[in-house]
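*Asks:* Just to be clear, the model below is a prediction. Sequence and coordinates:
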Amino acid sequence: MVDLESEVPPLPPRYRFRDLLLGDQGWQNDDRVQVEFYVNENTFKERLKLFFIKNQRSSLRIRLFNFSLKLLSCLLYIFRVLDDPTKGNACWGCSNQNYTTIDWSPVIWVRRSLPLWGLQVTVALISLFETMLLSYLSYKGNIWEQIVRIPFILEIINTVPFFITIFWPPLRNLFIPVFLNCWLAKHALENMINDLHRAIQRTQSAMFNQLLILISTLLCLIFTCICGIQHLERAGNNLTLFDSLYFCIVTFSTVGFGDVTPKIWPSKLLVVIMICVALVVLPIQFEQLAYLWMERQKSGGNYSRHRAQTEKHIVLCVSSLKIDLLMDFLNEFYAHPRLQDYYVVILCPTEMDSQVRRVLQIPMWSQRVIYLQGSALKDQDLLRAKMDNAEACFILSSRCEVDRTAADHQTILRAWAVKDFAPNRPLYVQILKPENKFHVKFADHVVCEEEFKYAMLALNCICPATSTLITLLVHTSRGQEGQQSPEQWQEMYGKCSGNEVHHIVMEESIFFAEYEGKSFTYASFHAHKKYGVCLIGVRREDNKNIVLNPGPRYIMNSTDTCFYINIIKEENSTFKKQEEEERTRASNSFYQGPSRLPVHSIIASMGTVAIDLHDTGCRSSSGPNLTLPADGSKGQRRPSIAPVLEVADTSSVQTCDLLSDQSEDEAAPSDDEESTGEECIKGYPPNSPYIGSSPTFCHLLREKVPFCCLRLDKGCQHNYYEDAKSYGFKNKLIIVSAETVGNGLYNFIVPLRAYYRPKTELNPIVVLLDNPPDLHFLEAVCWFPMVYYMVGSIDNLDDLLRCGVSFAANMVVVDKESTMSAEEDYMADAKTIVNVQTLFRLFSSLSIITELTHPANMRFMQFRAKDCYSLTLSKLEKVRELFINVLYNNKGSNLAFMFRLPFAAGRVFSISMLDTLLYQSFVKDYMISITRLLLGLDTTPGSGFLCAMKITEDDLWIRTYGRLYQKLCSSTGDIPIGVYRTESHKLATSESQISVNVDDCEDTKEIKDTFGCRSNHRNSTSSDQSDRPLLRKKSMQWARRLSRKVPKHFSKTDEKISQQRMSLCKRSERQELAELVKNRMRNLGLSTAGCEGMNDHQNMLSYILINPSPDTRLELSDIVYLIRPDPLVYVPKDPNSRKSSVGNNTGGGQDETQL
């Protein structure tokens, strides 16, 4: 075996002293060849070119020196003119000569002193040498290209004659047009500016360069004209430099006084030539400058570095800027007082449209909003917007794009680009699809549209008007809307809409500091009773998670951050004792009825709220007293509301293990389980349709349902049901109509199957899809009980009847992505609105919840053209907007559609209404977390959830909202946050309400005995005739005449036909629609048993009262929004003390536990 180490040559002794002296000669015996690079740059010409042209800094110095030489030559010319007499000039050593017509000697010869001549010759020689050297270095094979250049020709004219005078002294007084060096100075200045920008590594502004060229051109024209006219007039009028300057300014400004004019033809010819040159050159320069100015106006220019360092600004990045999006952002952003000094820099790749341009020209916005046309993917544009100095960056998606996934991809790239350019800037990102959310997880705040949208629509089915509740909470308002309205409900609704979520540290608070060491429910109840604020959540100092209603076992700490609902935050409030205000209140009481909301504790004045401290002492027995009475008061009624304990009694609180929970609703299988063979458990869904979804404890099936059983309208080998009625569901259906299955639809199912929903109250969910779902979605939903899908459309009545719309409790219509973009923006909702209107007319008892693209189209929902009440509300809405803008300086709510009946009732929703959630998070960084907890998108251990309870006749003894607050806090630990109220109003007779009566159409007019009867008959007849369709009216007259002209002898068949005709005429439109639906169900083989009639709810209106006053009277059918404690942490000892959720039980009040 060969020893490998013996074949390795020894290392050369490279560090010997001989090698240090003589160098290492080992490379000479090597085959390697030394290669020298860039040999061409080692030549003398290349080195000169590198110094004079290529090197930025040395080239800049050379051009600056050249520019200084040209200016010096012009100054020397002026000195020569001032020192030169007009007469007696001739060649050096020649006698004066006389000319007959024009004395040309002053024009050809000048007087030039010897020192001045020496300076001019020196400057000329240096300039000539530099010109020849640069021409040699710039030579590229074509000599004529260097010679015929105008700068080279001017340089030869101004330098070569001086060089000749050195060798021929008589020519020293020869006139040389040195003033033409101003054009060479202009050329050197342009090159110098270019080298300057290259040297400092800064992109120059085209606007600045063009402006510099224009100014320098104008100065050169004027200077050339001044010097030329002055020199030529030496042979004529003998003008001075100042006279020539005066003449040029007067001439170029087109004033033309005529007091100074040229006298000889050469000077006149020069004036003509200069005017022609000016008329050609200057318009071209001005045109280029105007073009650059217009382009700069379109692109927006730059946000200066000085402003970025001295002022605060935020950057808004959007794909396309619409006027609605811009106004929503500006109104919400500047609604906060501490943001009034901020500037908004908009970075958008598209050109500003006309509507946005008009808005940004308003003085209120023109001083604070800067529009820059550019892309967030370019560092140059981010530098223009001074992103590295911005306080925050908002990146919004374009929801009107047909391909919403592509819109998300653009948003993701913008977020990455901003994070790469300015990694320390706070980032607020809006994303559309939930599956793309994890790409922007690094952002400080992220709002996913489809997550919030579907969760909110789902809660609308079990907690009415949740979408309106959340929308009002995330909008900034002062509660001044509707205060001048004649409608009482608008006054109450408008005042309570000003409530928002605020925060404060407990030890710094007047509201909550006194409740340190007390339970959460005790602090919440007493703070509401005393100050009118609603404490909904807390956050520990050492924990970043917010907890909503942690329950009575939670003890308040001084370092806790309290989150509460109130019209204004505590820092902007002053406090007064109630005794000081009783005198003023006695003379002017605002409480005039059981349902009227008094001005109880909130008085808005100069941006500050005065809150009255209620007397917490014992009241007289005549007033409402929530405290326990004395033992001697046996004749009084026994109190039914227990006091809220400062510290929860551990004997009345027990922990709950959900995994071993055998509550009453799980002890025996329900009717639905027996009919479908499904057995439910509680756990986490095994399959999530996208990355980043928050795990939620839900009702699940022990075994997943086969995909074939998820199809509602087709039987399979496991079941034979083909329509919703045949399943025999105990609870009513919830139908959601969508175009395609998106991952966001998963968030519609999860809140409806959450673990805290009683299993007996779970509603079957039917997804009506235009396109078949993919297997990925079916794999995610097959573990949930009573979830089905059906392929169909809401345009087709047969599909609606098969999916059980006639037996459904709620119908959710989701906006279709294919209709979000239209040629006319607001027409994107046309198809959805008409389809929902058809559903409303066919199934009036169905609760329809609709999503629209544009909130402005809410006025067309459930439209009734002859509804005078709705038309009156529309007029009041415009008056309210004008009142807020004029009297309150536009500091009211930005919701123009706030008093529309569909929005107030929670029947319509637009995802753009939640844009303010992202904007408001800049000031309130906790708003997104609280909203996600309310909607059930996040589940924090120990945090409560949103639910609702209904006030029945047995609950009216509680009387007021404050007493209900006490009852809930003392019994179940629930925290009420608002009331959903439904009441009736008088509507004008609409077309759908008219019942045709043949007696009202008699040709003979009966004379009434009394004037009252006559007037009533006239009014009813006129209203019927005005609202009744003309065709129906004529057909009734025809039927009446036929009945009068019946012969005496007619057959039984004719009598039967006549009776059928009369019965058809007597039917109302609503009855015809109901009969149409039933006939269609019979044709499809569907059972009509239990099909509800057409209930008329058109004279009812609903609205929300957020955090009403404790004195607010409860009314029958009020729905109270509750934040219920987490069942995993706290469960009441008596299970009968908790009311069931609203809208989930079909047996009326028998399943509800009364208070």
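*Replies:* Perfect, thanks for sending it. Not measured: the values here are computed from a predicted model.

*Asks:* Please report how far residue 959 lies from residue 495.
*Replies:* 21 Å (Cβ to Cβ, to the nearest Å). C-beta coordinates here come from the backbone N, C-alpha and C atoms, glycine included.

*Asks:* Over to residue 1129?
*Replies:* In this structure, residue 1129 and residue 495 are separated by 35 Å, where distance is defined by Cβ to Cβ.

*Asks:* Of residue 959 and residue 495, which one has the most company?
*Replies:* Neighbours were tallied for residue 959 and for residue 495 using other Cβ atoms under 10 Å; the higher tally belongs to residue 495 (25 against 15).

*Asks:* What residues are bridge-paired with the residue nearest to residue 647 when sequence neighbours are not counted?
*Replies:* Using Cβ to Cβ, 6 or more residues apart in numbering and skipping residues adjacent in sequence, the residue nearest residue 647 is residue 519, 5.6 Å away. Legend: beta-bridge partners of residue 519 under DSSP bridges are residue 555.

*Asks:* Residue 519 reaches residue 557, doesn't it?
*Replies:* No. With contact taken as Cβ atoms under 8 Å, residue 519 and residue 557 are classed as non-touching, separated by 11.9 Å.

*Asks:* who's more crowded, these two?
*Replies:* With other Cβ under 10 Å as the criterion, residue 519 and residue 557 differ in neighbour count, and residue 519 comes out ahead with 23 against 14.

*Asks:* what residues are up against the more buried one?
*Replies:* Applying Cβ atoms under 8 Å, 6 or more residues apart in numbering to residue 519 gives the contacts 552-556, 644-648.

*Asks:* most centrally placed residue in this structure?
*Replies:* Centre of the chain computed as the mean C-alpha position; nearest residue by Cα atoms, centre = their mean is residue 915, 4.3 Å away.

*Asks:* ok, that one to residue 694 distance?
*Replies:* Relative to residue 694, residue 915 is positioned 22 Å away (Cβ to Cβ).

*Asks:* Could you do residue 320 as well?
*Replies:* According to Cβ to Cβ, residue 320 stands 31 Å off from residue 694.

*Asks:* cool, and residue 940?
*Replies:* To residue 694, residue 940 is 10 Å away according to Cβ to Cβ.

*Asks:* for residue 553, same thing?
*Replies:* 24 Å.

*Asks:* And for residue 187?
*Replies:* Remark: distance between residue 187 and residue 694 (Cβ to Cβ) = 68 Å.

*Asks:* Quick one: mean pLDDT over stretch 232-248.
*Replies:* pLDDT averaged over stretch 232-248 equals 83, rounded to a whole number.

*Asks:* do stretch 386-401 as well
*Replies:* Computed over stretch 386-401, the mean pLDDT rounds to 89.

*Asks:* got the end-to-end distance for that stretch?
*Replies:* When the termini of stretch 386-401 are compared using Cα to Cα, to the nearest Å, they are 29 Å apart.

*Asks:* pLDDT below threshold where in the stretch 51-200 of the chain?
*Replies:* Counting by pLDDT under 70, the stretch 51-200 of the chain contains low-confidence residues at 85-101, 197-200.

*Asks:* Would you double-check that residue 543 falls in a strand?
*Replies:* No. Residue 543: not assigned to a strand; according to DSSP: H, G, I helix; E, B strand; the rest coil it is coil.

*Asks:* Quantify the burial of it by counting its neighbouring residues.
*Replies:* Residue 543 is flanked by 11 other residues according to other Cβ under 10 Å.

*Asks:* cool, the one 5 residues further on as well?
*Replies:* For residue 548, the tally of surrounding residues (other Cβ under 10 Å) stands at 24.

*Asks:* Next: residue 848.
*Replies:* With neighbours defined by other Cβ under 10 Å, the count for residue 848 comes to 23.

*Asks:* What of residue 43?
*Replies:* The number of residues packed around residue 43, counting by other Cβ under 10 Å, is 10.

*Asks:* One more: residue 163?
*Replies:* Using other Cβ under 10 Å, the number of residues around residue 163 comes to 13.

*Asks:* if I've got this straight, it is in a helix?
*Replies:* Yes. Note on residue 163: a helix contains this position according to three-state DSSP.

*Asks:* Isn't it up against residue 124?
*Replies:* Yes. Counting by Cβ under 8 Å, residue 163 sits close enough to residue 124 to count as a contact (6.6 Å).

*Asks:* Quick one: mean pLDDT over the host helix or strand of residue 833.
*Replies:* With the criterion set as DSSP states H and E, the secondary-structure element containing residue 833 is helix 830-842. Helix 830-842 shows a mean pLDDT of 86 in the predicted model.

*Asks:* what comes up buried for that helix?
*Replies:* Neighbour-count burial for helix 830-842, with 16 or more other Cβ atoms under 10 Å as criterion, is recorded at 831-833, 835-837, 839-840, 842.
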